[in-house]
Structure formats: C-alpha cells, structure tokens
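Asker: generate a structure from the sequence data that follows.
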Amino acid sequence: MNEFKIRLKENKKKNDVLMTYYESYLRKRRLNSLVIRKYCFNVAFYIYIYLTKDEQIVPAIEGYKVLKDFPEVFMTRYTWTSLRNYESGIYSIDLFYKCLYKKELITKEQYKIVSDFRKKDVPKFMAKYSFEFKKEIVVAYLSGKGGFGSLAKDYGIPNKAQIYRWVKAYQKLGDDGLRRARSINNYSFKYKISVVELYLSSDLSYQELALKEGINSPALIGKWVNAFQIAGPDALRPRMKGRKKTLDNIKKGVTDTSVEHVKELEDELLKLKIENAFLKELRRLRLEDEAKMRERRKSSTVSEDSSN
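Answerer: Residues are numbered from 1 along each chain as shown. Prediction:
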C-alpha cells in the first residue's frame, strides 16, 4: 500500500470518529432523523471528498482553513447549484465545527472562522442574472466575439463555467433555457423519482440532468433531491386534497391500515434502493479519484527517472 493510501486510510479513521460525534450532537438537538441523515450526508461529502481533492489530505479538524474555495468547487464539481442547497450545505458544516468546538477539539476563534463564513453574502457566482443579460452573453459567444474566459472577464462574471452552462441550456432549450421557471409543470411522482434516482446514481450535475430531461430549472431537480433525502419518496407525491368523510365511513370506522402499511414499505424499499445507488456512485467517484492520483504520481516518477 503506497504512502498516500495509508495516509488516506488513517485520515478516514479519524473522520469516522468525528462523524460519530457529529451525529450524536445532532440527535441531542432533537432534530428529525431524516434531517440528521441529510446533514451527515453534506458533511461526509465535505470531509471525505472536498478535503481530499487534488491529492491533498486536509484533516477534517483543520477543514475550517480551506472554506474559501468551497462554494465554487461544490457548485461546479459537486452540483450544489441552487442557493437552497448551498445554504443547507454550509449550515451543516457550521454545525459540524460547532460540535468540534463543544468537544474542545478546536478553539472558539477557529469555529468563528466557519461561523463568519456562513454569515457572508451569497457568493457572486450564485447571483441571479436577468434573461436579457444572459441572452446577450450567449449571443456574443455564439457569434464568435469571445470565449468563455474572455466573456466572463468582459461582463464581470466571476466563473466562466456559468457562461458555459447558459450556452448549453440555450442550445438545448432555446430562450426557455435562460429564463427562470415561473410556472411548474405537473410532473408525475414516477417521473420525479426516476430523475432523483438518475441524479443520485450518476455523476450528472443538476444542470446537465436538467438539459438531458428538458427541464428549464435545474433548481427544481435540487428541490426534488432535497425533499427525497429529508422525507423520502412520499415527499414527491402530489398533495391530494382531503376527502370528506362520509357518514357511513364514520359509523363503520373504516381505515384501511393494510394499504397504508404496504405503501410505507414500498416507499422505504424505494428509498433504500436509490440511496444504495448513490453510495455506489460515491464509491465509484472515490475510486476514480484515487486512480487519477496514482496515474499522476506514476507520471511524476517516470519524469524524475528520465531526468536522472
């Protein structure tokens, strides 16, 4: 086993202990078990993937030092494209470091770095731009007036990837791809579940999946994923208006508990199936990252041998 893998394994053991502290801390706050699961998901993503990217291993206990790049990296690489997802993610991380502070594993000043970061304004690259502004930039790109980088600089867009997404959305959906969705289509429960499953079992971003499915609001997919992770499949079902109880039913005390129980079991099985697919994809991404790191180190070693 090479040195990097050994360090990664040792780091994971330490992180596992911290995650146990965090989960216990959330339970003491009497949060809903599904909310706890979501917060743990967010922090696990942060400490196991973000803090070990690019062949760097930052111990979770020191993760407060590298928060600066967190918003942009997660938006472009880990698909936290909606403001709501970003806020949920950063709040989860804030609670994680608050837990470490309570356990006296970091100082008050160190926790304050995280707390202050969370209170900052929303990053500029998450700002909302008008349809006209986005269309002007897309037309400029398609007319050959500049590349993503030069146009981002000319128009004051902090992240050139944002222009890339606008261009792809326009090419796939036309003007609708640049407009904010004002009306929500009535998507079926089955369709929403299939989209959530596809997102959690692949490396597609909200933007890429929205283009693939012809949905002009990537944030809508984020909303479905969030709802599913917090409350399970039932959160994606259409809200039915309550039927008035008939006099006969009231007299008979009719309640079909067997049907409700079957529905609950089906929902639980569906949720487990999708979560299992997500964990498999997470593992695949981890193995893919490790393979790339090995390849880089191998190339570096060959270069050094050649120069000697």
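Asker: what ranges of this structure fall below the confidence cut-off?
Answerer: For the chain, residues meeting the criterion pLDDT under 70 lie at 1, 54, 71-85, 121-128, 180-185, 239-291, 293-294, 296-308.
Asker: can you tell me which residues contact residue 149?
Answerer: For residue 149, the contacting residues are residue 160, by CB atoms under 8 Å, 6 or more residues apart in numbering. All C-beta atoms are positioned from the backbone trio N, CA, C, and that covers glycine.
Asker: list the contacts of residue 236.
Answerer: Residue 236 sits next to 189, 192, 193, 196, 224, 227, 228 when contact means CB under 8 Å, 6+ apart.
Asker: what's the separation between residue 139 and residue 163?
Answerer: Residue 139 sits 12 Å away from residue 163, going by CB to CB, to the nearest Å.
Asker: between those two, who's got more neighbours?
Answerer: Neighbours per residue (other CB atoms under 10 Å) separate residue 139 from residue 163, with residue 163 holding more: 23 against 12.
Asker: spatially nearest residue to the more buried one (excluding sequence neighbours)?
Answerer: Spatial nearest neighbour of residue 163, excluding adjacent residues (CB to CB, 6 or more residues apart in numbering): residue 148 at 4.9 Å.
Asker: re the thing from before, what would the contacts of residue 236 look like in CSV with secondary structure and neighbour count?
Answerer: What follows is these, written out as CSV (DSSP: H, G, I helix; E, B strand; the rest coil; neighbours: other CB atoms under 10 Å):
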residue, secondary structure, neighbour count
189, helix, 12
192, helix, 22
193, helix, 19
196, helix, 24
224, helix, 21
227, helix, 16
228, helix, 26
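Asker: between the residues you listed, which sits nearest residue 17?
Answerer: Residue 17 has its nearest neighbour among the contacts of residue 236 in residue 228, at 29.0 Å by CB to CB.
Asker: isn't that closest one right next to residue 222, touching?
Answerer: No. The criterion here is CB atoms under 8 Å, and residue 228 misses it with residue 222 at 10.7 Å.
Asker: quickly list what's touching both of the two.
Answerer: With CB under 8 Å, 6+ apart, residue 228 and residue 222 have no common neighbours.
Asker: show me what the host helix or strand of residue 222 is packed up against.
Answerer: Take DSSP states H and E as the rule and residue 222 turns out to sit in helix 218-231. With contacts defined as 3 or more CB pairs under 8 Å, 6 or more residues apart in numbering; DSSP states H and E, the packing partners of helix 218-231 are helix 33-48, helix 83-102, helix 189-200, helix 206-213.
Asker: let's have these in JSON lines, adding distance to residue 57.
Answerer: Putting the helices and strands packed on helix 218-231 into JSON lines (distance: least, CB to CB, whole Å) gives the following:
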{"stretch": "helix 33-48", "distance to residue 57": "11"}
{"stretch": "helix 83-102", "distance to residue 57": "18"}
{"stretch": "helix 189-200", "distance to residue 57": "26"}
{"stretch": "helix 206-213", "distance to residue 57": "28"}
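Asker: which of the ones you listed sits closest to residue 2?
Answerer: Residue 2 lies closest to helix 33-48 among the helices and strands packed on helix 218-231, at 18.9 Å (CB to CB).
Asker: the closest one to helix 218-231, inter-axis angle?
Answerer: Per axes from the mean of the first three to the mean of the last three CA atoms, to 10 degrees, the angle that helix 33-48 makes with helix 218-231 is 120 degrees.
Asker: for helix 33-48, buried residues please.
Answerer: Residues of helix 33-48 classed as buried by neighbour count (16 or more other CB atoms under 10 Å): 35-48.
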